[in-house]
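Q: Kindly generate the corresponding structure for this input.
(one chain, ligands or ions: 1)
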Amino acid sequence: MSEFEGLVAAVTGGASGIGLATARLLAAKGARVAVLDLKPDDVPEPLAGFRCDVSSDDEARSAVDAVAERFGRLDVLVNNAGIGAQGDVTANSDDEWHRVFDVNVVGMVRLTRAALPHLKASPSAVVVNTCSIAAWAGLPARALYSATKGAVLSLTLAMATDHLPDRVRVNCVCPGTADTPWVGRLLDTAADPAAERDALAARQPMGRLVTAEEVANAIAYLASPLSSSTTGTALAVDGGMYGLRPRGP
Ligand code: NAD
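A: Next up, the predicted model:
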């Protein structure tokens, strides 16, 4: 498959997990792929790593400029970098609320702002944001994280509306719990990691964690001409967690 032949994609947080699976898939489908991450040196060939902390406007702008200079264009932006936070609404300080919003939400704004001039020049311009089932599932002990992903959902709709005249499509994916290094780190802190993993899997009707590659498939679909009529939508990749949730009588 080569539906990305000739196109250039930038994937934030592409050095690990969902971002890495996405970067690899887009490259396998013909794109030249830039990974924008805190750890650009970890990125395997043929991906090109660029240093970028999405919480810095200077770094966002210089990374996007470096990608455009290296490849001569930018067609696909995958805003995927994100960090977690645990606990109910009493668990995190104001500084932590600002910090997680700064990475998970404003980070997407910074990258999109920097990328828009290049995207507007592309006949195949797309932004895909990595949201989460946390945006709408009311997950326990995830108040701050869920609030950031609710904001990502709303931001996706706003961006899709505002950039319709620019012919830039904007969509998001909402993964359920996915088997990535992030979740591995979370499990390592549990009293009984195996039991905690089983509990996370059981929460999803399919009874298993989602794979990073399954989320990457959904991102690639939304980034490709296969979804050319789709903008302002959220695609759940969650083992049925949202669609098959228990409903009242
Ligand atoms: P991960 O920790 O495996 O990878 C995250 C990557 O983002 C890392 O390479 C890290 O270096 C990078 N990163 C972190 N902060 C950054 C910053 N400030 N600037 C640039 N890069 C930064 O995580 P993952 O599980 O692959 O998660 C990726 C995205 O998917 C996140 O937005 C997360 O909220 C979302 N998500 C994950 C799950 C899950 O269960 N894993 C579920 C729903 C949504």
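
Q: Flag every residue of the chain that's near the ligand.
A: With CB under 6 Å from any ligand atom as the criterion, the chain comes near the ligand at residues 12-13, 15-19, 37-39, 52-55, 80-83, 103, 130, 132, 175, 177-178, 180-183. Every residue, glycine included, has its C-beta placed from N, CA and C.

Q: Restrict those residues to the buried ones and give me that as a PyMOL selection.
A: In PyMOL, this line selects whichever of the residues of the chain next to the ligand come out buried by 16 or more other CB atoms under 10 Å:
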select buried, resi 12+13+15+16+17+18+19+37+38+52+53+54+55+80+81+82+83+103+130+132+175+177+178+180+182+183
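
Q: among the residues of the chain next to the ligand, which are in helices?
A: Members of the residues of the chain next to the ligand lying in helices (criterion: DSSP state H): 17, 18, 19, 181, 182, 183.

Q: Quick check, pLDDT for the second one.
A: Reading off the per-residue confidence, residue 18 sits at a pLDDT of 98.

Q: give the contact list for it.
A: 80, 130, 175, 178, 180, 212, 215, 216, 219 (CB atoms under 8 Å, 6 or more residues apart in numbering).

Q: try the third one
A: Listed by CB under 8 Å, 6+ apart, the contact set of residue 19 reads 11, 12, 13, 35, 37, 78, 80, 81, 130.

Q: how far is the lengthiest helix in the chain from where the chain is centred?
A: For the chain, the helix that runs over the most residues, judged by DSSP H, is helix 143-162. Computed by CA atoms, centre = their mean, to the nearest Å, the separation of helix 143-162 from the middle of its chain amounts to 12 Å.

Q: and that helix, what does it pack onto?
A: In terms of contact count using 3 or more CB pairs under 8 Å, 6 or more residues apart in numbering; DSSP states H and E, helix 143-162 is assigned the packing partners helix 94-101, helix 107-120, strand 126-130, helix 134-137, strand 169-175.
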